[in-house]
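1. Structure, please.
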Amino acid sequence: MKAAFVGLAVLMAVSVMAGCGRDRQSGPETGLEALYRLDRDFISHRGAHTYIEAVGPDSGTSAPNALYSREYSDLMSHFGQYKAVVSPLLELDPAMGCVLDARTWFPFEMEQVFVCTEGSIAVEFAYVGGQDFAVRVAARQDFAGVSIGVRGCGYDNGDGMLTTELDADAGLVFMKQTITLYSFWGVEAHENLSYTIAARADMLDVPLSLENSCWTASLPADRTSVVTYRVERDWAVGTAPDVPSASQQKPLDSTAFSVANLERIEELEAWFKDSPVKDIGDPLSMMSWYLFWENTADPWGSRWPNEAVVPSKRHYFRGVWLWDAGFIAIALSRGNEQAHALGADQIRNIVASQAPDGRLPREVWAHDAGTGFQPPGILTWAVWELARWDQDVELVEEFYGALVAGHQWFVNNTDSDGDGRCEWTREDSGMDTSPRFDDGPVEGVDLQSWLALDAQLLAGMADRLGRTGEAEAWRAEAEDRKADIRENFWDPADGLFYDLKIDDSAADKFVRSPTPVAFIPLLVGAATQEQAQAVASRLNDPEFFDAPFPLPTTPVTGPAYDSDNYWRGPVWIVMNALAWFGLMNYDLHEQANQLRTETLSMMRLSPTTWEYYDSTSGQGIGSPDFMWSAAFYLMMTYLITPPF
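-> A predicted model of the protein is given here:
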């Protein structure tokens, strides 16, 4: 397995201009200040492939701050995808007797304040454009010392995947890190990434020195200093960029640091302009739209040709998933022009890795795509939303062929018994551990519903493109699939839609595992009004979907129920939203309002969104800052329903 070479360029500049905290004003019209001073320890930047962590006083960790970068491997499929690579990023000399007293977060920077033996020192962290970031250090007025000792270290995370080398030249320090990257599927990913770390030594009280994997320096206390990290990277296979020469390194001073912060504020103000957020006094609405900006990464490797909104930079940065990408694009369709463009790019990133036989991949990594699949219809829904609001026939034209090929792949490849009903199992459904798959693949009621929706939306696209014959064929297929769902996937005894067993000779044809997919036929209009009312009545039935925090992904009274165990009991906002859409589709407003109110109240218990939620306590679980939860929070809050 080949390694990837990573280097970071750190430059140190000193300025007589004080300025910590002087650059945090934003315009009132977008309400950006609603995000100020939240209890968060993480910051990144649109496009960045790293993030900075700065802990609070009660963290109990040894390093007060660190830079994190990507590691991904078959051995770490869900955990540890990002590891500390520079830790500490910038630490005050332990001899100064400093204790972390406070941490303050802003959407463009974080600040830590330390109380030391000789007084207080403020340390600010901010991305200053693209991949670059900087740290500003300033003694407070009560500080009686003459110098401030600092250091930064390449981190050994103990897994053998990271090495660090330091060198100095022409007053700069160079840190070269080697990070070994493995493909998720075991395919070799040959990446050579070069970053350099350099620190200017010509304006320091004490000459900079190197020791093992760390650099140390002494800053004058009578002025504000800025340490600038210049990141050089090249994702091309087999090459590494040259280390910039000393003359090319341009460290920031305090004024330039403030200007960079103001530029980030302007970027965010532009992002929030004409956003779907209608109540700037709702912090979670503001956070949800902010996450679309922060969780966006620049193109990477050979498989991400466009910017990608990853599910979460802190957990799922290794890839993009089809249904995540689709739901993200649907929410982005309600934003401004740059949001629309970003939404279209999410679809392009998936379609770019479409297999020759038409299969659209379940997930796309940097250099390879997964061999599975995910629900049809969701990307089609996303294109329809983007084209509907843009009135963009060209967008429909761009994707129609790929979406048709994807639909036909399901018809040709996922119907093992030839009965016209497609089949799937755990990961491909997106519900990886659901008890509905404990006995193997099923003819999924959700899969049939997604195929019906896909055909229905493809009919609308064909109409827009003037392909009348194709439109009629797609409508006929959609209606046939809907009829099959309401006639054959419906159990009148339980008053619920179930998956079917593939074996048609089974004594009981139903897979009797109640899950929220029972609501998806309502989403696509496949149920009769009586069937929809019966499903809705199960919301308050503990044998089905009643729970302290609904909707549990399996009944609380069932043997498989575990309130915090992935798809075996927790609440997934995607399921709640799809159920809400379905209830609204049948004018079941009382039940829809109940589900919406309980869902949003649960989500507001936390300042950010989560991958899923404990159905007993309402506590967020899994990855924080999770994108589709943010997307559906906005849609449910502002009553944004599908156009079908």
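2. those strands in the stretch 401-550 of the chain, which residues are they?
-> Counting by DSSP state E, counting those that start in this stretch, the stretch 401-550 of the chain has strands at residues 490-491, 496-497, 499-500, 510-511.
3. For the closest residue to residue 549 other than its chain neighbours, grab the count of nearby residues.
-> Spatial nearest neighbour of residue 549, excluding adjacent residues (C-beta to C-beta, 6 or more residues apart in numbering): residue 618 at 4.4 Å. Quick note: C-beta positions are derived from backbone N, CA and C, even for glycine. Other residues lying near residue 618 total 18 when counted by other C-beta atoms under 10 Å.
4. Can you classify residue 618 by secondary structure?
-> coil (DSSP: H, G, I helix; E, B strand; the rest coil).
5. where does this structure dip in pLDDT?
-> 1-29, 71-81, 169-172, 179-208, 232-250, 389-390 (pLDDT under 70).
6. ok, residue 409 - contacts?
-> 355, 357, 358, 359, 360, 373 (C-beta atoms under 8 Å, 6 or more residues apart in numbering).
7. repeat that for 6 Å
-> 358, 359 (C-beta atoms under 6 Å, 6 or more residues apart in numbering).
8. How many neighbouring residues does residue 108 have?
-> By other C-beta under 10 Å, neighbour count at residue 108 equals 25.
9. That one against residue 263, yeah?
-> No: if you go by C-beta atoms under 6 Å, residue 108 and residue 263 don't touch, sitting 8.8 Å apart.
10. Among the strands of the stretch 401-550 of the chain, which comes closest to residue 134?
-> For residue 134, the closest of these is strand 499-500, at 53.7 Å, according to C-beta to C-beta.
11. returning to what we had before: mean neighbour count and distance to residue 64 for the strands of the stretch 401-550 of the chain - can I get that in TSV?
-> Formatted as TSV, these follow (neighbours: other C-beta atoms under 10 Å; distance: least, C-beta to C-beta, whole Å):
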stretch	mean neighbour count	distance to residue 64
strand 490-491	20	58
strand 496-497	26	53
strand 499-500	25	51
strand 510-511	22	52
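12. Figure out which of these is closest to residue 518.
-> With C-beta to C-beta, the closest approach to residue 518 among these belongs to strand 496-497: 4.5 Å.
13. Residue 401 versus the closest residue to residue 463 other than its chain neighbours, what's the distance?
-> Excluding the flanking residues, the one nearest residue 463 by C-beta to C-beta, 6+ apart is residue 471, at 4.7 Å. Using C-beta to C-beta, to the nearest Å, residue 471 is found at 15 Å from residue 401.
14. do residue 493 as well
-> 44 Å.
15. and these two? which has more neighbours close in?
-> residue 401 (12 against 7).
16. that older thread, dump the strands of the stretch 401-550 of the chain into JSON lines; add distance to residue 574 as well.
-> Below are the strands of the stretch 401-550 of the chain laid out as JSON lines (distance: least, C-beta to C-beta, whole Å):
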{"stretch": "strand 490-491", "distance to residue 574": "23"}
{"stretch": "strand 496-497", "distance to residue 574": "17"}
{"stretch": "strand 499-500", "distance to residue 574": "18"}
{"stretch": "strand 510-511", "distance to residue 574": "21"}
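17. Indicate which one of the ones you listed is closest to residue 213.
-> strand 499-500 (54.1 Å).
18. Can you name every helix or strand that that closest one contacts?
-> Helices and strands touching strand 499-500, as assessed by 3 or more C-beta pairs under 6 Å, 6 or more residues apart in numbering; DSSP states H and E, are absent.
19. contacts for that strand?
-> The contact list for strand 499-500 (C-beta under 6 Å, 6+ apart) reads 436, 442, 443, 444, 445, 509, 511.
20. for that strand, the distance to its chain's centre please.
-> What separates the centre of strand 499-500 from the centre of its chain is 32 Å, taken as C-alpha atoms, centre = their mean, to the nearest Å.
21. And stretch 316-334, by the same measure?
-> Counting by C-alpha atoms, centre = their mean, stretch 316-334 comes out at 8 Å from the chain centroid.
22. then it to PDB, C-alphas only?
-> The C-alpha trace of stretch 316-334 is given here as PDB (Å, rounded to 0.1, in the frame of the first residue of the first chain):
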ATOM      1  CA  TYR A 316     -18.300  10.600   7.500                       C
ATOM      2  CA  PHE A 317     -15.700  12.500   5.600                       C
ATOM      3  CA  ARG A 318     -14.300   9.500   3.800                       C
ATOM      4  CA  GLY A 319     -17.100   9.300   1.200                       C
ATOM      5  CA  VAL A 320     -20.500  10.500  -0.100                       C
ATOM      6  CA  TRP A 321     -23.600   8.300  -0.200                       C
ATOM      7  CA  LEU A 322     -26.300   8.300  -2.800                       C
ATOM      8  CA  TRP A 323     -29.300   9.000  -0.700                       C
ATOM      9  CA  ASP A 324     -27.500  11.500   1.500                       C
ATOM     10  CA  ALA A 325     -26.400  13.300  -1.600                       C
ATOM     11  CA  GLY A 326     -30.000  13.300  -2.900                       C
ATOM     12  CA  PHE A 327     -31.600  14.600   0.200                       C
ATOM     13  CA  ILE A 328     -28.900  17.300   0.600                       C
ATOM     14  CA  ALA A 329     -29.500  18.400  -3.000                       C
ATOM     15  CA  ILE A 330     -33.300  18.600  -2.300                       C
ATOM     16  CA  ALA A 331     -32.700  20.900   0.700                       C
ATOM     17  CA  LEU A 332     -30.200  23.000  -1.300                       C
ATOM     18  CA  SER A 333     -32.800  23.500  -4.000                       C
ATOM     19  CA  ARG A 334     -34.500  25.900  -1.600                       C
END
